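K.L.:
Pasting a predicted model and its sequence here:
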Amino acid sequence: MKFINLIFVFCVSLQINSYAGSIRFLVTDTKKNPLNEVVIMLTPIKKELKLKPVKEVILQKDENFVPELIVIPVGSSVSFSNQDPFNHHVYSISKTHPFELPFFKKGDKNPSPVHFDKEGIISVGCNIHDHMSATIVVTSSPYFTKTSNGYGVFTDLGPGEYQVTLWHKSQGDKFKKDLKPIKVLSSATDELVNLSF
């Protein structure tokens, strides 16, 4: 297995080569602790792929959003379903897509799904319960994953160059897009890419 270090603290970026097959990213902080829920997005540079919109649901349950982080392609929609016996007032003041779904509880008709037609980071809250928060990452990349125990995995990528885009909650509403692309070659192998915030 080939190991490649990619450090992008303070916007340092390096080019890496990878291969068709399995590509694993290991994302750690500066103390080498694995980082969870880092969104990794790959976009083919010379090949346009049609995005496949999805329909996702975020629950309001026990005064929490479940899940607290979702990643969706541009053109997708998200429904909000209250599982609590009291009102929630879901809203976002994000510049990309502000919205408001006032005062609904379990048993009420759920609000209409919210459609997202632009890339961006959508921070979601509840106007009644200030401690509730969720994030919707809307991406124009056809390939994306979230890290678990620091690892994010892509499989069966075709040959070509891919732009790497990253997001973590520490970045607020900004994507990190200044990394040089990875090059996927025709030979199949397994690749591990180390990333450090």
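P.N.:
That came through fine.
K.L.:
Report pLDDT for residue 111.
P.N.:
With respect to pLDDT, residue 111 scores 88.
K.L.:
can you pull the contacts of it?
P.N.:
Listed by CB atoms under 8 Å, 6 or more residues apart in numbering, the contact set of residue 111 reads 79, 80, 90, 101, 104. C-beta: built from backbone N, CA, C; applies to glycine.
K.L.:
could you dump the strand or helix carrying residue 164 to PDB, C-alpha only?
P.N.:
Assigned by DSSP states H and E, residue 164 belongs to strand 160-167. Presented in PDB, the C-alpha positions along strand 160-167 are these (Å, rounded to 0.1, in the frame of the first residue of the first chain):
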ATOM      1  CA  GLY A 160      -8.800  11.100 -14.700                       C
ATOM      2  CA  GLU A 161      -8.200  14.100 -12.500                       C
ATOM      3  CA  TYR A 162     -10.400  15.000  -9.600                       C
ATOM      4  CA  GLN A 163     -10.600  18.300  -7.700                       C
ATOM      5  CA  VAL A 164     -10.600  17.800  -3.900                       C
ATOM      6  CA  THR A 165     -13.000  19.900  -1.800                       C
ATOM      7  CA  LEU A 166     -13.200  19.700   2.000                       C
ATOM      8  CA  TRP A 167     -15.500  21.000   4.700                       C
END
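K.L.:
Quick one: residues in contact with it.
P.N.:
Contacts for strand 160-167 (CB under 8 Å, 6+ apart): 8, 38-47, 121, 137, 139, 141, 143, 174-177, 179, 181-184, 195.
K.L.:
how far away is residue 68 from residue 169?
P.N.:
Here residue 68 is placed at a distance of 10 Å from residue 169 (CB to CB, to the nearest Å).
K.L.:
mind checking the SS state of residue 170?
P.N.:
Look at residue 170: counting by DSSP: H, G, I helix; E, B strand; the rest coil, its state is helix.
K.L.:
Relative to residue 155, how far out is it?
P.N.:
27 Å.
K.L.:
the more surrounded of these two?
P.N.:
residue 155 (12 against 9; other CB atoms under 10 Å).
K.L.:
any idea how far the more buried one lies from residue 141?
P.N.:
For residue 155 relative to residue 141 (CB to CB), the value is 16 Å.
K.L.:
Over to residue 110?
P.N.:
With CB to CB as the criterion, residue 110 and residue 141 are 29 Å apart.
K.L.:
tell me the residue furthest from the middle of this structure?
P.N.:
residue 107 (30.7 Å; CA atoms, centre = their mean).
K.L.:
quick one: low-confidence ranges for this protein?
P.N.:
1-22, 186-190, 197 (pLDDT under 70).
K.L.:
From the contacts of residue 111, list just the buried residues.
P.N.:
80, 90, 101, 104 (16 or more other CB atoms under 10 Å).
K.L.:
Next, the spatially closest residue to the second one that is not a sequence neighbour: secondary structure please.
P.N.:
Read that as residue 90. Leaving out its chain neighbours, the residue that sits closest to residue 90 by CB to CB, 6 or more residues apart in numbering is residue 101, at 4.3 Å. Of the three states, residue 101 takes strand under three-state DSSP.
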